[in-house]
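**Q** Sequence isn't available, so here's the structure alone:
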């Protein structure tokens with residue numbers, strides 16, 4: 001999917017790079033039976049206190065219900081349209097199944113309106129088809145990968161992302177994730193063939209602060225300009241450094257740079273090679 005640049009008719013347009021939406025089906029509105037209202041908290045918890053900062057405002061959005069499980073096995077579906085989804089970076093595809101049901105799925109690269117997709121062990125290795133990893137050939141690019149059988153796809157769902165099936169040993173398959181991490185997943189877990197579409201999303205540039213406000217993001221305030229009661233970096237006369245021996249911290253005193261925050265010992269045994277080790281090479 002290409003992107004377009006704008007003439008510098010204003011400061012906001014000078015560096016703006018936006019999508020062309022060529023792959024989106026023209027004139028197609030979202031399926032009403034698959035959309036629901038989406039409430040916003042403004043970063044506030046149940047008592048009204050702000051616990052997630054720099055959130056608020058934004059354009060109104062409807063949530064599209066996405067079928068991450070792909071559990072309609074053996075029933076062929078036709079791609080009715082490719083649509084824009086404000087809740088994710090990739091596009092979504094509306095499927096019309098032969099039994100009359102409609103569902104949304106993540107649209108992989110190369111999937112167009114009118115194509116046919118299938119989920120199940122008899123599905124071909126084509127973009128949009130979903131099947132268990134034990135039935136996928138080595139070297140195939142996949143996305144929307146389950147971490148537990150029947151739970152639905154949880155990994156590799158953003159625009160342009162894809163994981164590669166590297167090996168099969170015993171009951172587990174080894175996948176190379178977009179981060180470079182090598183991870184084992186059970187062979188009974190399902191995945192969708194192909195790379196997630198809208199890979200040019202990384203080339204887009206907002207161009208102006210107003211676009212960020214439309215996404216529900218409020219201005220981010222630096223800690224050094226706050227008062228000492230609001231942030232550990234605050235205080236001092238005029239411009240002041242952080243002033244901490246152990247490096248910058250967040251407003252709660254936790255290290256804010258270079259500290260790994262993953263603490264999940266239950267799944268450590270499934271990681272063959274961590275993403276940090278892959279980046280050093």
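**A** Received the coordinates, thanks. All values derive from a computational prediction rather than experimental measurement.

**Q** CA only for contacts and neighbour counts going forward, please
**A** OK.

**Q** Now residue 57: closest residue in space, sequence neighbours ignored.
**A** Counting by C-alpha to C-alpha, 6 or more residues apart in numbering, residue 57 lies nearest to residue 216, which is 5.0 Å off, once chain neighbours are set aside.

**Q** The one you found contacts residue 60, doesn't it?
**A** No - between residue 216 and residue 60 there is no contact under C-alpha atoms under 8 Å: 9.4 Å.

**Q** These two: who's more crowded?
**A** More neighbours surround residue 216 than the other of residue 216 and residue 60, with 16 against 13 (other C-alpha atoms under 10 Å).

**Q** how near is that one to residue 203?
**A** Remark: distance between residue 216 and residue 203 (C-alpha to C-alpha, to the nearest Å) = 21 Å.

**Q** now swap in residue 53 and tell me
**A** 27 Å.

**Q** Then residue 65?
**A** Counting by C-alpha to C-alpha, the gap from residue 65 to residue 203 is 27 Å.

**Q** ditto for residue 27
**A** In terms of C-alpha to C-alpha, residue 27 sits 26 Å off from residue 203.

**Q** Looking at these two, which has the bigger crowd around it?
**A** Using other C-alpha under 10 Å as the criterion, residue 27 and residue 203 rank with residue 203 on top: 12 against 7.

**Q** which ones are touching the more buried one?
**A** Residue 203 sits next to 3, 17 when contact means C-alpha atoms under 8 Å, 6 or more residues apart in numbering.

**Q** Where does residue 234 sit, in terms of helix or strand?
**A** For residue 234, there is no helix or strand it lies in under DSSP states H and E.

**Q** ranges for the strands of the stretch 1-150 of the chain?
**A** 3-5, 17-19, 35-37, 62-64, 77-83, 92-97, 102-106, 116-117, 130-132, 141-143, 145-146 (DSSP state E, counting those that start in this stretch).

**Q** other SSEs contacting the third one?
**A** For strand 35-37, the contact count by 3 or more C-alpha pairs under 8 Å, 6 or more residues apart in numbering; DSSP states H and E identifies strand 62-64 as packing neighbours.

**Q** Can you tell me the strand partners of the strand it packs on and which way each runs?
**A** strand 35-37 (antiparallel) (DSSP bridges).

**Q** Show me what the residue lying closest to residue 188 once chain neighbours are set aside bridges to in the sheet.
**A** Using C-alpha to C-alpha, 6+ apart and skipping the chain neighbours, the partner closest in space to residue 188 is residue 132 (5.4 Å). Beta bridges link residue 132 to residue 190 when assigned by DSSP bridges.

**Q** you'd agree residue 132 is up against residue 190?
**A** Yes - the criterion here is C-alpha under 8 Å, and residue 132 meets it with residue 190 at 4.0 Å.

**Q** quick one, which of those two is more surrounded?
**A** A count of neighbours by other C-alpha under 10 Å puts residue 190 above the other of residue 132 and residue 190, at 34 against 20.

**Q** mind checking the backbone torsions on residue 249?
**A** Reported as degrees, to the nearest 10, the phi and psi values for residue 249 are phi -130, psi 170.

**Q** about what we covered before: which stretch among the strands of the stretch 1-150 of the chain comes nearest residue 157?
**A** Proximity to residue 157, assessed across the strands of the stretch 1-150 of the chain by C-alpha to C-alpha, is greatest for strand 141-143 (6.3 Å).

**Q** Right, I'll call it a day here.
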